[in-house]
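1. got a predicted structure plus its sequence, pasted below:
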2 protein chains.
Amino acid sequence: MTYKKTDLFDKDLQRIAEVAKVMSHPARLAILRYLANCKTCISGDITNEIPLSRTTVSQHLQELKRVGLIHGEIDGLKVNYCLCNTCLDDIKKSFTLFLNEISISESIKC
Amino acid sequence: MTYKKTDLFDKDLQRIAEVAKVMSHPARLAILRYLANCKTCISGDITNEIPLSRTTVSQHLQELKRVGLIHGEIDGLKVNYCLCNTCLDDIKKSFTLFLNEISISESIKC
DNA sequence: TTTTTATGTCGTATGTTTGCGTCATTAAAC
DNA sequence: GTTTAATGACGCAAACATACGACATAAAAA
């Protein structure tokens, strides 16, 4: 494949798919949930919370960062991660919109 | 790996991850959107709508069926697919719940 | 200045997903 | 009964994801 097949679809579907993909691993969901509850958000704390190697957790954090769900701020040796509430709101909106869109026509049943 | 690492996480996170995974491809989202709009829902029609081979579309349909998002009903040679509104409602609920859960503590910011 | 600590990057092995051609099956049309 | 049509199952190749040990870097502690 010289180009990506996913490019053949609507941009909005591509974005929802991208976010869904990043939410498609329980470790990443667990990280999000932990970040929502903790105050400190230090990378090391997250690693201790997740039953995977430090390297793997770090990779998952990069993924979450890539789509904009979290931010990392360097503080000396440590890194403070936090949820991006703006991004979260956007995601909540587009997911809700899509799910409502596809279930709005209640009249049609098979 | 002799066991699945994903099993190390909470059952509810596993289910959300599973649903997110099935929503993580634009083709499958396009199928859902199409099914929401069309009245006929014949497999062949879906294939015509999606810019991928018949075989690939069929595979995506099986995935959607596997998590319960759609149902297929055989009608002679053809197969009528339709959205499962019950499943959709469940998914909407658990997604909304999770997204609200992780963004509810607005007070904590980095 | 040396050591320790927190973190990220790289390479790699293994597993999973995507995409498609070919074949098998079964119903309808002829 | 043959042929045609719609679909799913099988098998393969390429791409991508997951997981982790080993190495690199850079701040803090000793």
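-> Received it, and whenever you're ready, just let me know what you need. Numbers count the residues shown, from 1 in each chain, chains lettered A, B, ... in the order given.
2. who in chain A is up against DNA strand D?
-> Chain A comes close to DNA strand D at residues A:1, A:4, A:21, A:24-25, A:27, A:52-53, A:55-56, A:59-60, A:63, A:76-77, as judged by C-beta under 7 Å from any atom of the strand. Placement of C-beta: from N, CA and C, glycine included.
3. these, buried ones only, as a ChimeraX selection?
-> Applying 16 or more other C-beta atoms under 10 Å in any protein chain shown to the residues of chain A next to DNA strand D, the buried members can be selected in ChimeraX as follows:
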select /A:21,24,25,27,52,60,63
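4. which two of the residues of chain A next to DNA strand D have the greatest separation?
-> For the residues of chain A next to DNA strand D, the farthest-apart pair by C-beta to C-beta is A:M1 and A:G76; their separation is 44.4 Å.
5. re the thing from before, which of the residues of chain A next to DNA strand D has the weakest pLDDT?
-> Of all these, A:M1 has the smallest pLDDT value, namely 50.
6. close to chain B, is the longest helix anywhere in chain A?
-> If you go by DSSP state H, chain A has its longest helix at helix A:85-103. Yes. Residues of helix A:85-103 contacting chain B under C-beta under 8 Å from any C-beta of the partner chain: A:85, A:88-89, A:91-92, A:95-96, A:98-103.
7. Serialize the residues you listed to TSV and add fields for distance to B:I46.
-> Formatted as TSV, the residues of helix A:85-103 next to chain B follow (distance: C-beta to C-beta, whole Å):
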residue	distance to B:I46
A:N85	38
A:L88	33
A:D89	33
A:I91	27
A:K92	29
A:F95	23
A:T96	25
A:F98	18
A:L99	19
A:N100	21
A:E101	17
A:I102	14
A:S103	18
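8. just the buried ones from the residues you listed?
-> Judged by 16+ other C-beta under 10 Å, buried ones among these: A:88, A:91-92, A:95, A:98-99, A:102-103.
9. wait, which of the residues you listed is closest to DNA strand D?
-> Ranked by distance to DNA strand D (C-beta to the nearest atom of the strand), those are led by A:I91 at 17.5 Å.
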